[in-house]
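*Asks:* sequence and predicted structure, then a few things I'm wondering about:
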Amino acid sequence: MASQESQEFNRNIMVGFIGGGRMAQAMAKGFINSGLVRATNIVVSDSSPLALQSLQQLGVRTTQSNKEVVADSELVVVAVKPNVVKKVLEEVSPEVSTDKQVFVSIAAGVTISSLEQVLPQGTRVIRVMPNTPSLVQAGASVLSPGSNARRGDPEVVRTLLGSVGLCEEGAESLLDAVTGLSGSGPAYAFAAIESMADGGVKMGLPRELALKLAAQTLLGAAKMVLETGKHPGQLKDEVCSPAGTTISAMHVLENRGFRASLIDAVEAATLRARELGASN
Ligand SMILES: NC(=O)C1=CN([C@@H]2O[C@H](COP(=O)(O)OP(=O)(O)OC[C@H]3O[C@@H](n4cnc5c(N)ncnc54)[C@H](O)[C@@H]3O)[C@@H](O)[C@H]2O)C=CC1
Ligand SMILES: O=C(O)[C@@H]1CCC=N1
């Protein structure tokens, strides 16, 4: 929910999105549901009319003109795929005024210096790695301010993203690893939920119940880590009774490389983010 700082947050801020795909929709819906931004203060552009249809249902203004979004916004979220970022920034550059807009790029890998190079000199840029649970106020984001960001700019972005979950500030050098962990991480968790539910179904549970139990179990475990402050290893030990069920399952997971697979997954996604940065 909105933090104390948001008391000073300009609730009339105009927020634009260039690209109205999955991440933009998650953020826009999250911002509206948080109560921090009115739907009528959001404008989204997308080259595909289909992508704009579901946004129209939210009550936000939609357009196929990226320039219109920039002209009408104070905070512009760049939410196109990394390989399209340069092209759209070149296109909208004539509309940029350093006194008006802050550009927030959420593109995986794309560096602050490459964003600043293509935008007019002095453009205020903040690079952010968010994730899709922003849709349900349970997002995790890390932001990194560019070289022209003004004193209050990170705070505005932090308040906005803080209204849809956790938002931390960090050095840009951390952002590819953040992408590998929390940016891509929801997919790992969804796969875990789906697979645990499959296990339940295999052992006789109805599908609907199995899915609910699997999702609630991950949610509950995550809340315990965040709210008890205990190390996850200790919490795991507290579930494993001597000669009980859980330790038998943990043995299987260890044998099949469960932990190493997750470590490798975060590493692979981080390295891919670096590659995207080098090529875009
Ligand atoms: N999906 C995710 O979980 C996350 C995505 N991101 C980043 O967010 C960005 C967007 O990703 P998604 O939303 O997943 O992709 P997406 O493919 O769902 O959305 C991208 C949208 O951009 C539109 N588009 C393409 N060319 C355009 C142009 N020239 N002008 C205007 N719109 C154009 C497409 O029609 C599409 O609707 C990417 O850079 C990605 O790295 C960051 C964190 C998480
Ligand atoms: O898969 C991707 O490239 C994007 C970035 C982080 C999550 N999804």
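*Replies:* Done, it's in. Ligands and ions are numbered 1, 2, ... in the order given.
*Asks:* flag every residue of the stretch 101-250 of the chain that's near ligand 2.
*Replies:* Residues of the stretch 101-250 of the chain lying near ligand 2 by Cβ under 6 Å from any ligand atom: A108, T179, G183, S184. C-beta here means a position set from N, CA and C on the backbone, and glycine is covered the same way.
*Asks:* let me see the contact set for the third one.
*Replies:* Looking back up the chat, that one is G183. A108, M129, P130, N131, A269, A273 (Cβ atoms under 8 Å, 6 or more residues apart in numbering).
*Asks:* does E74 really touch K100, like I thought?
*Replies:* Yes - between E74 and K100 there is a contact at 6.2 Å, judged by Cβ atoms under 8 Å.
*Asks:* for the spatially closest residue to F31 that is not a sequence neighbour, grab the count of nearby residues.
*Replies:* In space, and not counting its chain neighbours, F31 is closest to V37: 4.2 Å by Cβ to Cβ, 6 or more residues apart in numbering. Number of residues near V37 (other Cβ atoms under 10 Å) recorded here: 25.
*Asks:* and the gap between V37 and E227?
*Replies:* 28 Å (Cβ to Cβ, to the nearest Å).
*Asks:* could you list the low-pLDDT ranges of this protein?
*Replies:* Residues of the chain meeting the criterion pLDDT under 70: 1-7.
*Asks:* hmm, 50 instead?
*Replies:* Low-confidence segments of the chain, defined by pLDDT under 50: 1-6.
*Asks:* how is it carved up into domains?
*Replies:* The chain is divided into the following domains under automatic domain parsing: 4-172, 185-279.
*Asks:* any idea which of the ones you listed is most buried?
*Replies:* Stretch with highest mean neighbour count among the domains of the chain: domain 4-172 (a mean of 19; mean count of other Cβ atoms under 10 Å).
*Asks:* now that one, how far from the chain's geometric center?
*Replies:* Relative to its parent chain, domain 4-172 has a centroid offset of 11 Å by Cα atoms, centre = their mean, to the nearest Å.
*Asks:* close to ligand 1, is that domain?
*Replies:* Yes - Domain 4-172 is in contact with ligand 1 by Cβ under 6 Å from any ligand atom, via 18-24, 45-48, 51, 66, 79-82, 84, 88, 106-108, 129-132.
*Asks:* and for stretch 262-277?
*Replies:* No - Stretch 262-277 lies apart from ligand 1 when judged by Cβ under 6 Å from any ligand atom; the minimum separation is 7.5 Å.
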